[in-house]
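Enquirer: Dropping the sequence and predicted coords here.
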Amino acid sequence: MELLKLIKNRISTEWKKTFNDNVDILNGITRDQNQKIDVVDKRIDNLVLHSGGESPNEVVDARVNNRAQQFDTLQGRLLAGEFTHDEDMAEIRSELENQNVIILKMDKKLDKILGEYGGTLTIYVSTERGNNSTADGSQAMPFKTLQAAVNTIPLLTSSQVVILVEDGTFLEDVRFRNIYSGGIYIRSVQDTTNLDPSTTDCPVKVRSMSFMYCTGYLQLRGIQFIDQGNAPSIGNTRYSLYQEQGGYMSLAKCKFAENTKSIANHKSIYVGGSSKATVGSDTAFINQLMCLYAVGMAEVNVSGIKGSSNSELLVVWNGTGRIPSDLNIATTNTRTIERGLILTKGSVI
């Protein structure tokens, strides 16, 4: 609405009315502008009308963060927010990296505990070509030591585990412990079908092996036990091969020929607890103090072995032994302790 003009020169009531009408119009315009200014003020948030630090025209709210912390400049508040965001992101990335490391460790532990389902896990060992640091157990990248190969076997697996060993000497005390598998086979890579351990050395030589709390089927084939002067002991028993609370062990084409008669409490094969073992297939015992020892509820079945010049062949302490009655390769072929039981051809001695 526009203001009214004074047309006449005389001062009269009409002139006064026109003047008052103009005042009303101006007041209305002023009220309208004030309302618009209030609306604009409410809409201003982070807008700076005039930069300059202490200027009264600066909108202070733009320099205040959500924690009511006031910064010197809007840029300072924005940078602080970005720095905080960067720090939070860096912390999150670090936490994710730590979580990835933990997950990888857990995966390795799970791989160690749980193997692949079914199938056969084949592990190669070679004293000449092997390298424990870079080995993956394949034929191209074998392990150097038997123990390193054993350490890769999952503790719980339905797979059969086959350790194929190239010709060589392993001055190791190889330990299998708490392995639940579909079967463990330790074999020479050589064909031992025609091998006669009583007259020929086996292609693979090792100091000792022990199976502690291992279930399933265990088989050793083409293994010769040496360096018995340094043989380990459990309790007061020195041993070449030790099985305690295990599954069913089978020996074929193995050899125990290093003289142990002067080694006190030496037992070539110790079978204890609820373990069971069959020793046969031309396995040879020569110059042994005690070839076979069964204790507790253990059972030993002897069939088709060879040998000579042994002090004792089979000693059973509360366990059970099965042996041909005509087998005679030791000064004392059989001996029982307490309630030990030895069976020959269905008869009880």
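Expert: Okay, I see it.
Enquirer: Distance from stretch 273-291 to the middle of the chain?
Expert: Its chain's C-alpha centre and that of stretch 273-291 lie 35 Å apart, by C-alpha atoms, centre = their mean, to the nearest Å.
Enquirer: Of all the residues in it, which ones are buried?
Expert: 273, 275-291 (16 or more other C-beta atoms under 10 Å). Every C-beta, even on glycine, is put in place using the N, C-alpha and C of the backbone.
Enquirer: give me the low-pLDDT residue ranges for this structure?
Expert: 1-12, 15, 39-61, 109, 111-118, 347-349 (pLDDT under 70).
Enquirer: let's see it at 90
Expert: Within the chain, the stretches with pLDDT under 90 are 1-92, 94-121, 154-159, 181-182, 246, 325, 344-349.
Enquirer: so after the longest helix along it, what's the next helix or strand?
Expert: Looking across the chain with DSSP state H, the single longest helix is helix 74-113. Sequence-wise, the next helix or strand downstream of helix 74-113 (DSSP states H and E) is strand 120-125.
Enquirer: Can you name the residues in contact with the very next helix or strand once past that following strand?
Expert: Next in sequence after strand 120-125, counting helices and strands by DSSP H and E, comes helix 146-150. Contacts to helix 146-150, defined as C-beta atoms under 8 Å, 6 or more residues apart in numbering, come from residues 123-125, 132, 135, 137, 143, 163, 165, 170, 172, 174-176, 186, 206.
Enquirer: Give me the buried subset of those.
Expert: 123-125, 135, 137, 143, 163, 165, 170, 172, 174-176, 186, 206.
Enquirer: Out of the residues you listed, the closest to residue 298 would be?
Expert: Nearest to residue 298, judged by C-beta to C-beta, of the buried ones among the contacts of helix 146-150 is residue 176 at 16.9 Å.
Enquirer: check contacts around the spatially closest residue to that closest one that is not a sequence neighbour.
Expert: Closest residue to residue 176 apart from its sequence neighbours, by C-beta to C-beta, 6 or more residues apart in numbering: residue 211 at 4.7 Å. Residue 211 makes contact with 176-177, 218, 242-244, 246, 249, 275, according to C-beta under 8 Å, 6+ apart.
Enquirer: No further queries at this time; thank you.
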